[in-house]
Each structure stands twice: as structure tokens, then as C-alpha cells.
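with the sequence up front, the predicted model follows.
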Amino acid sequence: MPQTLTPGEALEALGLTLPKPPAAPGSFVGALVHGGQVIVSGQVPLHNGQVFATGRLGDDISIETGQEAARICLLNALAQLSHATGGLDNVKGFGRMAGYVSATPDFTQHGAVIEAASELLVQIFGDKGAHARCAIGVASLPRGVPVEIELTAFL
Amino acid sequence: MPQTLTPGEALEALGLTLPKPPAAPGSFVGALVHGGQVIVSGQVPLHNGQVFATGRLGDDISIETGQEAARICLLNALAQLSHATGGLDNVKGFGRMAGYVSATPDFTQHGAVIEAASELLVQIFGDKGAHARCAIGVASLPRGVPVEIELTAFL
Amino acid sequence: MPQTLTPGEALEALGLTLPKPPAAPGSFVGALVHGGQVIVSGQVPLHNGQVFATGRLGDDISIETGQEAARICLLNALAQLSHATGGLDNVKGFGRMAGYVSATPDFTQHGAVIEAASELLVQIFGDKGAHARCAIGVASLPRGVPVEIELTAFL
């Protein structure tokens, strides 16, 4: 369905707005462009400058809250991408999405959490949203957030 | 030695067969090809559709079982690569192997576990099997598996 | 400031010397060069062949010790890069830095630890040191070290 819409139109149809790209909290850039490749720095679920949630999957964070955190991470990643490339219309395709889930040792549904970001990427970009993915459970994440997402794209 | 064999011949000499590439469990692809680069999604030790083992290194999974899991992950990654590129003969070289080991905080032999996958890659591809590597210990992995492997390659 | 210095001059001004690249402990290479891209294998804080420290952030390793470990990882990564490319003067820019921090579940300052490596990279390379970054907390790392760093660069 969204293949006939631009990414901006697809976002609007979903009732979503791209946030301002969060400033990189250190001596690095939000997204790096080189030779047709874009590498977006790991994005955490910051929403209007506030951390959306803190905690771990398998403990105090539900699958649903983790999925919402993954969607916020993805929107921040797309905001970085748009800012670095002059707009999402310039993005020809995606490479790797890495989803880091702060999780207990017995948690097993990392894929269900990160799938929320994958689904949203495909809803926004249609066929161009195809991407490789890796999902793992980590011990902890910056600022105590439950999810962090990395993304690469092509121009 | 295997430099004079094709990857298919080397697999046969090792008594191994490439499995069918496991279907990506979500809205992503098993491997993404772009501009001569191939990014294989994180592969877990699925064998004939079943999880080979569950558990953690340093706890209920031995080094030997972890190494066998790493080999199964690698064969699944090569199956994805072969499917996406029309056959392993088309692969000119490798880039990055990332090995994620589900491990306890005091586990220290992540390298010994992932080395089983590195060794097998070099046995199959000879000099062309040269790759950069990263091995880390994670809190947990999808479906409770002990090892997950990512791989990139060049055409 | 360092923009007018070569990487070698900037290192000297900082009172630092590039170590010998640590031998890859297995069937992989310290850094892989392909088509203008360099992928450096995950580097741990080895100093003169000895592990600089073992332990976890949030437990027995302080932020300051973690930052020193991150700087040693980065110098080892630059040593691999220099060895693989014929010298740091040949490096045109950087891509992705991934910082893995061995950490407790309640640790939140992964960024402060890895920032030490980002700062040092920018001090050595000036504007050319711009990079994307990802920092996560892991359950454990090879040999019990507190930090591991991956790096990609462009020729």
C-alpha cells in the first residue's frame, strides 16, 4: 500500500510526525553520510526531550511498552536520516537495523519488540523499507532505556 | 587447502550441506544486497526448523555446545547469502562477523565459542574467508538461544 | 586545533604513541580493507600484551577506569587501522564506532565511558574524526574486560 505514497505522505496517513533529530550526546554525529551510505547513530526512545520509559523487558517493561519504545527509536532514527540527507525522499533503501533490547536473562521475545520498528519502517517506505535485522538482549542501555536502535540506509 | 575447492566442494569435503535459509521471523529480509555489499540478518541456531539448544554460556551451555551452535548459525548465514546472491561462488569476500554469546557476567571465553564459526568460514572459503570479527556476551537472545551471528559479504 | 596537524603529529602532541596492533586471537583479521572501506575487528583494552583491567561498570570498575579502557581500545583500533592501510594519513574519514560496556543491569552511563574514545578520535583526526556511534551495556566481554570497541573507516 504505502509504495504509492512518499515517506512524508505515509507518515501523515499514519498520524505521525517526524520529531526534531535529538542532538548527539557527545563527540559524534547523529548520522554520517559517506559515498551513498548513511550510518545513523544508536537512537534511544527520547520523546520531546524526555526519556519515554526506563526499565527492562522481562522485568518492569511490558512487550507493548517495549514496542512503543522501538517505534519512538525508529522515528528518531528517521529524523536523523532526514536531517543528514535533505529529506526522506532522497533515501533509496535501507541496510541494517540493529535492535538492542534491555532484557533479563530469561527473556525470549526480543523479536516481537523490535518487529514494531520493522513494521513501521515498511509502512512508511513500502518496498524500499526492506532491511536486514539483528535483535539481541543487552544488560543495560544509556539512561536506563529499554530499547536502542541503529539503522543504515542508502542514497 | 580449501582455496582450490569451490565453497560447495569444500562443504562436501567437510560432510556438510547448506540448509534451506530460515524464513525471516518478521518484516525484514534474510539478507539484503545493495551495490556489491550483502548484509545477512542475525542468524540463530535453527536446525530443521527446531532450536538447536537454549541456555547460556557460563551456566547450562558448555563451550562445545556453544561452538556447535555457532557453526549452525554460520551455515544458516551462508544459506541466506547463497539464496540472496545466486550461489556462494558469487561471493568475493567477507566483511564483518559479529558473534553474540548469551552469557553470564563472569563468562570470559566468548572468543572460543565464536571461533568455531570463524574456522568453518575459512575452511569453506580459504583465503576469501578472511573477515573482521567482534564477539560479545549478551544478556539474552531471541527464543533463548545461546548464540546469534551476523555476517556481511562482498560480491 | 588538530585539523592542521597530521594524525601522527596530533598523537605526539597528546603524548601518545600508537601501540603494535594486537594479533587477532583466532581465525580472523585485525582489520579488513575492501573497496575503500575498512572494518576493524572488536578491540579490547590490551596494553603491552596485558589486559588493562577486568570487571564491570556499575560494579568494580569506575567510570574513570572505564574511560581509560575505552581510550586503550581506541588506540588499538587505530593501530589495526594504520597497519591495514599503510598509515593513518591514508584515512579519509570514519563510519561507525560501536562501544560495548560490560555493565550491571542498573548502569546508565555507557555514553560517558565511550565518550572518552570519541573525544580522543576527534582530538587525533579533527574534522575527519566525525563518526556515528552506538553504546550499549553487555553481560560480559572476552577475557573479562570492561570495554570493547569496533570501528569502521574510509580510505
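Thanks, I have the structure now. What you see is a predicted model, and the numbers here were worked out from it, not measured in a lab.

starting at the chain centroid, how far to the lengthiest helix in chain A?
Ranked by residue count under DSSP state H, the longest helix found in chain A is helix A:63-85. In this view, helix A:63-85 has its centroid 3 Å away from the chain centroid, taken as Cα atoms, centre = their mean, to the nearest Å.

ramachandran coordinates for residue A:150?
phi -110, psi 150 (degrees, to the nearest 10).

I'd like the distance between it and residue C:110.
14 Å (Cβ to Cβ, to the nearest Å). In this view, the C-beta of every residue, glycine as well, is placed from N, C-alpha and C.

can you give me the strands in chain A?
Assigned by DSSP state E, chain A shows strands spanning A:31-34, A:37-43, A:46-47, A:50-51, A:93-102, A:132-138, A:147-154.

how about residue A:58, what does it touch?
Each residue near residue A:58 by Cβ atoms under 8 Å, 6 or more residues apart in numbering or on different chains is listed here: A:103-104, A:106-107, B:140.

again, 6 Å this time
A:103-104, A:107 (Cβ atoms under 6 Å, 6 or more residues apart in numbering or on different chains).

tell me the residues of chain A that contact chain C?
Within chain A, the positions near chain C by Cβ under 6 Å from any Cβ of the partner chain are A:25-29, A:32, A:34, A:39, A:41-42, A:100, A:138-140, A:142-144, A:150.

chain center to stretch A:33-53, what's the gap?
The answer for stretch A:33-53 is 7 Å, by Cα atoms, centre = their mean.

hmm, that stretch touching chain B?
No. Applying Cβ under 6 Å from any Cβ, one finds stretch A:33-53 out of contact with chain B, separated by at least 7.3 Å.

buried set for that stretch?
A:33-34, A:37-46, A:51-53 (16 or more other Cβ atoms under 10 Å in any protein chain shown).

for the closest residue to residue A:46 other than its chain neighbours, give its distance to chain C.
For residue A:46, ignoring the flanking residues on the chain, the nearest one in space by Cβ to Cβ, 6 or more residues apart in numbering or on different chains is residue A:22 at 5.0 Å. As judged by Cβ to the nearest Cβ, to the nearest Å, residue A:22 and chain C stand 12 Å apart.

what's the neighbour count on residue A:22?
Neighbourhood size, residue A:22 [other Cβ atoms under 10 Å in any protein chain shown]: 16.

what sits closest to the residue sitting nearest the centre point of chain A if chain neighbours are left out?
The residue lying closest to the centre of chain A (Cα atoms, centre = their mean) is residue A:74, at 2.1 Å. Spatial nearest neighbour of residue A:74, excluding adjacent residues (Cβ to Cβ, 6+ apart): residue A:117 at 4.1 Å.

count of residues packed around the one you found?
Residue A:117: 30 neighbours (other Cβ under 10 Å).

can you name the residues of chain A that neighbour chain B?
Residues of chain A lying near chain B (Cβ under 6 Å from any Cβ): A:95-96, A:103, A:105, A:107-108, A:110-111, A:115, A:118-119, A:122, A:130-139, A:154.

make it 7 Å
A:93, A:95-96, A:103-108, A:110-111, A:115, A:118-119, A:122, A:130-139, A:154 (Cβ under 7 Å from any Cβ of the partner chain).

residue A:150 and residue C:110: which is more packed in?
Ranked by neighbour count (other Cβ under 10 Å), residue A:150 and residue C:110 place residue C:110 first, with 29 against 23.

what sits against that one?
By Cβ atoms under 7 Å, 6 or more residues apart in numbering or on different chains, the residues touching residue C:110 are A:142, C:101, C:103, C:135-137.

need the pLDDT of it.
pLDDT, residue C:110: 98.

cool, residue A:48 as well?
89.

where's it relative to residue A:22, distance?
Taking Cβ to Cβ, one finds residue A:48 at 10 Å from residue A:22.

likewise residue A:94?
Distance, residue A:94 to residue A:22, using Cβ to Cβ: 20 Å.

ok, now residue A:52?
12 Å.

can you check residue A:84 too?
For residue A:84, the distance to residue A:22 - Cβ to Cβ - is 13 Å.

and if you look at residue A:82?
Taken as Cβ to Cβ, the span from residue A:82 to residue A:22 is 13 Å.

in chain A, what residue sits furthest out from the centroid?
Chain A, farthest from centre, Cα atoms, centre = their mean: residue A:106 at 24.3 Å.

how confident was the prediction at residue A:4?
84.

excluding chain neighbours, what is closest to it?
According to Cβ to Cβ, 6+ apart, the nearest residue to residue A:4 is residue A:126 (7.9 Å).

what bits of chain A have low per-residue confidence?
Within chain A, the ranges that satisfy pLDDT under 70 run A:1-3.

let's see 90
A:1-4, A:48-49 (pLDDT under 90).

quick check: residue A:54 touching residue A:141?
No. With contact defined as Cβ atoms under 7 Å, residue A:54 does not count as touching residue A:141 (9.1 Å).
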